[in-house]
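**Q** Provided below are the primary sequence and the corresponding predicted coordinates.
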Amino acid sequence: MYILLALIAACALGVGIHFLLPHRALRGVAVVPAVATAASAIVYTGMQWAGVGEDSVWLWLASILGAVVVAAAVGYGLTASRRTADAVKRSALGI
C-alpha cells in the first residue's frame, strides 16, 4: 500500500514538471505525469525486490526524485523531437 504514496507524489510532481517545461502545447497534458508515475512504480518495485525496506529513505528518494528526473528528461526530449519534426514538416509544405 505504501507504493501508492510514491505513485501519487510522482504523479503530482509530474503535473508540476509538465507546466514548468517550455512548449507544453506540443505534448499531451498526461504524458509527463504518466511517465513519472510509471518510472516511480518501476523503481519502487525494483528496490523492494532488491530488499530495500519501506522505512528506508533511499527507497522514497529514488522512487520519487528518480521519477521526476526521468519524466523531465522524457518531456524535454519529446518536446525537442516534436519541434524538430514540426519544422521539417513546415519546410516540406513550404510554410
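**A** That came through fine.
**Q** Helix or strand: which one has residue 15?
**A** Take DSSP states H and E as the rule and residue 15 turns out to sit in helix 2-20.
**Q** give me the number of residues near residue 41?
**A** 16 (other Cβ atoms under 10 Å). In this view, the C-beta of every residue, glycine as well, is placed from N, C-alpha and C.
**Q** Likewise for the one 4 residues further on?
**A** One way to gauge burial is a neighbour count; for residue 45, by other Cβ under 10 Å, it gives 13.
**Q** got the contact list for it?
**A** residue 3 (Cβ atoms under 8 Å, 6 or more residues apart in numbering).
**Q** If you count contacts, what does the helix holding residue 15 end up packed against?
**A** With contacts defined as 3 or more Cβ pairs under 8 Å, 6 or more residues apart in numbering; DSSP states H and E, helix 2-20 has these neighbours: helix 31-49, helix 57-93.
**Q** Give me the contacts around that helix.
**A** With contact meaning Cβ under 8 Å, 6+ apart, helix 2-20 is reached by 24, 27, 29, 31-37, 39-41, 44-45, 48, 54, 60, 63-64, 67-68, 71-72, 75.
**Q** Right, I'll call it a day here.
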